[in-house]
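*Asks:* This is a predicted model, with the sequence first.
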Amino acid sequence: DAGVIQSPRHEVTEMGQEVTLRCKPISGHNSLFWYRQTMMRGLELLIYFNNNVPIDDSGMPEDRFSAKMPNASFSTLKIQPSEPRDSAVYFCASSFGTPDYGYTFGSGTRLTVV
Amino acid sequence: TQLLEQSPQFLSIQEGENLTVYCNSSSVFSSLQWYRQEPGEGPVLLVTVVTGGEVKKLKRLTFQFGDARKDSSLHITAAQPGDTGLYLCAGATLGTDKLIFGTGTRLQVFP
């Protein structure tokens, strides 16, 4: 398996533009997580899905952020409109069963909003 | 809000030294995991500890879960430059699939 695949690896956009981050989880994993990592706040959980259904979006910072999982092999995180304070590394992770089995993370998308 | 505090935040040591990283919380977790993250990559799972008081060893790394399942430690014996990275603990919240990550410990091992 190729692991969790995220695209793009890097994204530079202007303030106000829409940004879409993509994630392909590991085949067979039934949970998918979006995290954001910054120096100041560390790794923060934004939202997670179980069997393609959003379970907890309490970490989504504002209505400008939205996430979808239309099927078991694809998820998107969208920011519209983007702001400079959204600059961070966004990680997608997937897992099978309980958290005790651990998460497999993608390589992340480094987002810079100028 | 559940918080996992790690200490120290930064650690710079010479090859061959021993070190311990601590992960503390006021919350109880069903399990606790340790990850290592290298620049430009996502965190990679090292170990999961489930039972209070559990000790697991991975070569030179020893992981312990506190008796009350609120804290954990990672001990590295004879550190090597290849151990350099960001170490993250993560607690599994009771009754959910969520992992809450700690504040991180950045380790640098010099040859």
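*Replies:* Sure thing, it's come through. Because the structure is predicted, anything quoted here is derived from the model rather than measured.

*Asks:* Show me where the chain dips below the pLDDT cut-off.
*Replies:* Just so you know, I chose chain A. Applying pLDDT under 70 to chain A flags the ranges A:1.

*Asks:* Can you look at chain B instead?
*Replies:* For chain B (pLDDT under 70), the answer is B:1-2.

*Asks:* what residues does it put near chain A?
*Replies:* Proximity of chain B to chain A (C-beta under 8 Å from any C-beta of the partner chain) is limited to residues B:30-31, B:33, B:40-45, B:48, B:50, B:88, B:92-93, B:96-104. Where you see a C-beta, it was placed from the backbone N, CA and C, and this is true even at glycine.

*Asks:* Cross the residues you listed against strands and list the overlap.
*Replies:* The strands, defined by DSSP state E, take in B:30, B:31, B:33, B:44, B:45, B:48, B:88, B:92, B:93, B:99, B:100, B:101 from those.

*Asks:* most surrounded residue in these?
*Replies:* Within those, most neighbours by other C-beta atoms under 10 Å in any protein chain shown means residue B:99, with 28 neighbours.

*Asks:* Name the nearest residue to it, sequence neighbours excluded.
*Replies:* Sequence neighbours aside, residue B:90 is the residue nearest to residue B:99 in space, at 4.4 Å (criterion: C-beta to C-beta, 6 or more residues apart in numbering or on different chains).

*Asks:* And for the one you found, the neighbour number?
*Replies:* Neighbourhood size, residue B:90 [other C-beta under 10 Å]: 25.

*Asks:* One more: the one 5 residues further on?
*Replies:* As a burial measure, residue B:95 scores 7 neighbours (other C-beta under 10 Å).

*Asks:* With residue B:12 instead?
*Replies:* Residue B:12, neighbours per other C-beta under 10 Å, totals 10.
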